[in-house]
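Q: for reference, the sequence and a predicted model appear below.
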Amino acid sequence: MQWIALLKDYVDYAILGSLGVMAFIAVWLTIERLIYYWRINIHDFNDVYTLDRQLTQHLTTLSTIGANAPYVGLLGTVVGILITFYDIGEAGGQIVVGQIMIGLALALKATAVGILVAIPTIMAYNGLLRRVEVKKSEWLSQFSTPRGN
């Protein structure tokens, strides 16, 4: 079948390319947010809602990348296994164990890369959420009245 040959030729480029783009975006947004948090002056904001919107900008994208990268990798693994089973069927019962193992190992690399993208992205997302909470509490503390004796 022609579509299997097409999948065999391009599945790595499509899946690993998608994961590469996701990783690039995650790194870019993490760096952008860190610079923004470093430069922000929380006293420039009149209300906590505007501050919250500015602080959480782009965090949804990071969360989405972190949550979906393993699924993109899993898709690559499923397609790779499908191709391997198709090759076994095409061999007409002539099973070469070495070729099967190579096909399965190559299929599993997509899942590994997906997890490799997801773990640091979720760690960055959680770290940035912590910075958001700290900045918001700093803003809120400027309006609290000191407790005296």
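A: Sure, I can see it.

Q: only C-alpha atoms for contact and neighbour calcs from this point on.
A: Noted.

Q: so what's Glu133 up against?
A: For Glu133, no residue meets the contact criterion (Cα atoms under 8 Å, 6 or more residues apart in numbering).

Q: host element of it?
A: Using DSSP states H and E, Glu133 maps to helix 97-141.

Q: repeat that for Gly20.
A: Here Gly20, judged by DSSP H and E, is contained in helix 2-39.

Q: next structured bit after that helix?
A: Per DSSP H and E, helix 2-39 leads on to helix 48-55 as the next helix or strand towards the C-terminus.

Q: buried residues, whichever helix or strand comes after that following helix. List them.
A: Following helix 48-55 in sequence order, the next helix or strand is helix 59-90 (DSSP H and E). Within helix 59-90, the residues that count as buried by 16 or more other Cα atoms under 10 Å are 59, 62-84, 87-88.

Q: cool, and stretch 12-24?
A: 12, 15-16, 18-20, 22-23.

Q: got any ranges where this structure has weak pLDDT?
A: Residue ranges of the chain with pLDDT under 70: 1, 93, 145-149.

Q: switch to 90 and redo it
A: Residues of the chain meeting the criterion pLDDT under 90: 1-12, 79-107, 142-149.

Q: for the helix holding Gly20, packing partners?
A: Other helices and strands packing on helix 2-39, by 3 or more Cα pairs under 8 Å, 6 or more residues apart in numbering; DSSP states H and E, are helix 59-90, helix 97-141.

Q: output those helices in TSV, with distance to Lys8 appended to each entry.
A: What follows is the helices and strands packed on helix 2-39, written out as TSV (distance: least, Cα to Cα, whole Å):
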stretch	distance to Lys8
helix 59-90	7
helix 97-141	10
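
Q: of those, which is nearest Trp3?
A: Checking the helices and strands packed on helix 2-39 against Trp3 by Cα to Cα gives helix 59-90 as the closest, at 10.3 Å.

Q: what packs against that closest one?
A: helix 2-39, helix 97-141.

Q: mind putting those into a markdown table with distance to Arg53?
A: As requested, the helices and strands packed on helix 59-90 are exported to a markdown table (distance: least, Cα to Cα, whole Å):
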| stretch | distance to Arg53 |
| --- | --- |
| helix 2-39 | 13 |
| helix 97-141 | 10 |
